[in-house]
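Q: generate coordinates for the sequence data below:
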Amino acid sequence: MITKKRKIANAKVDSNKAYTLKEASALVKEINTTKFDSSVDLHVRLGVDPKKADQAIRGTVSLPHGTGKTKKVLVLCTPDKVAEATAAGADFVGLDEYITKIEGGWTDIDVIVATPAVMPKIGKLGKVLGPRNLMPNPKTGTVTNDVTAAINDLKGGKIAFKVDKVGIIHASIGRVSFPPQKIEENCMEFLNAIIKLKPASSKGTYLKGVSMASSMSPGIMVDTKSVHN
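A: As a prediction, this is how the structure comes out:
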């Protein structure tokens, strides 16, 4: 059943129009139907074949205004790194006890940082962490000995992204409480990061489609021509 608020929101979005990034960043606030501070999400369809290794786009980007959400960080490390990780602001720090908890189904965290030395121990957690995009990976900066830098980045607005099996990247880039300019700037930073990763083997249109939406609100089609790097 469509609520009255959703009907009003739907009426404000022209489904046949591609809005500029600036217009979409203002409109997404106007059509928000929730009472809570909804996330603003981007969905980017790419002209790539994710089955090809060089076109399986993934990376990280530090959003200039953060995501509006403080990430819960778990650091899996050897005892000599525990004090450093704790001082840097990790929410959970340890190793064996958290491996056991995760094996039991616990995943109440947003991101996991691991030191290289413990990776052989946590490889067996792939079945639990993989589907939830929680497995530490050197490419996203979450496998490192510099746990302080990793935690600072993650708490400061660094996000990881990767293309799914149908060629779409999904990411939360802010909150509806953000001013339109901050939403736009976060979007631009995110999209430019994706553009820079365009593989040489990708032919034709790379940025095929971009849409923006907040939780439980209609999607807004973004004109890819309004995205520049």
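
Q: rest of the way, CA atoms for contacts and neighbours
A: Noted.

Q: the residue nearest in space to the middle of the chain in helix, strand or coil?
A: Among the residues of the chain, the one closest to the centroid is Ala171, at 3.9 Å (CA atoms, centre = their mean). Ala171 falls in the strand class when you classify it by DSSP: H, G, I helix; E, B strand; the rest coil.

Q: residues touching it, list them.
A: Ala171 sits next to 41-43, 161 when contact means CA atoms under 8 Å, 6 or more residues apart in numbering.

Q: what's the answer for Ile109, then?
A: Here Ile109 is in contact with 71-74 (criterion: CA under 8 Å, 6+ apart).

Q: may I ask which of those has the most neighbours?
A: Leu74 (24 neighbours; other CA atoms under 10 Å).

Q: which elements pack onto whichever strand or helix holds that residue?
A: Counting by DSSP states H and E, the element that carries Leu74 is strand 73-76. Counting by 3 or more CA pairs under 8 Å, 6 or more residues apart in numbering; DSSP states H and E, the packing neighbours recorded for strand 73-76 are strand 92-94, strand 111-114.

Q: distance to Asp49, mean neighbour count and mean pLDDT added to those strands, as JSON lines?
A: Shown next, in JSON lines, are those (distance: least, CA to CA, whole Å; neighbours: other CA atoms under 10 Å; pLDDT from 0 to 100):
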{"stretch": "strand 92-94", "distance to Asp49": "37", "mean neighbour count": "20", "mean pLDDT": "97"}
{"stretch": "strand 111-114", "distance to Asp49": "27", "mean neighbour count": "26", "mean pLDDT": "96"}
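
Q: closest one of the contacts of Ala171 to Ile102?
A: Comparing these against Ile102 with CA to CA places Phe161 closest, at 22.3 Å.

Q: in a helix, that's where that closest one is, yeah?
A: No: read with three-state DSSP, Phe161 is strand and lies in no helix.

Q: and Asn152, how many residues sit next to it?
A: 14.

Q: ok, which stretches of this structure are helices?
A: Using DSSP state H, the helices assigned to the chain run over residues 4-12, 21-30, 82-88, 96-103, 119-122, 126-129, 147-155, 180-196.

Q: how about the ones you listed, which one is nearest Gln55?
A: Nearest to Gln55, of all those, is helix 180-196, at 11.7 Å by CA to CA.

Q: next one: the closest one to chain centre, how far?
A: Here helix 180-196 is found 12 Å from its chain centre; the criterion is CA atoms, centre = their mean, to the nearest Å.

Q: equivalent analysis for stretch 114-126, please.
A: Chain-centre distance of stretch 114-126: 22 Å, with CA atoms, centre = their mean.

Q: buried ones in that stretch?
A: Residues 114-116, 122 are the ones in stretch 114-126 that count as buried (16 or more other CA atoms under 10 Å).

Q: distance of Gly174 from Lys158?
A: Separation of Gly174 from Lys158 (CA to CA, to the nearest Å): 12 Å.

Q: look at those two and report which has more neighbours.
A: Using other CA under 10 Å as the criterion, Gly174 and Lys158 rank with Gly174 on top: 27 against 21.

Q: ok, that one touching Thr70?
A: No: with contact defined as CA atoms under 8 Å, Gly174 does not count as touching Thr70 (11.4 Å).

Q: neighbour-wise, which of the contacts of Ala171 leads?
A: In terms of neighbours by other CA under 10 Å, the contacts of Ala171 top out with Leu42 at 23 neighbours.

Q: contacts for stretch 30-47?
A: Identification of contacts with stretch 30-47 by CA under 8 Å, 6+ apart yields 5-6, 8-10, 12, 28, 167-177, 187, 202-218.
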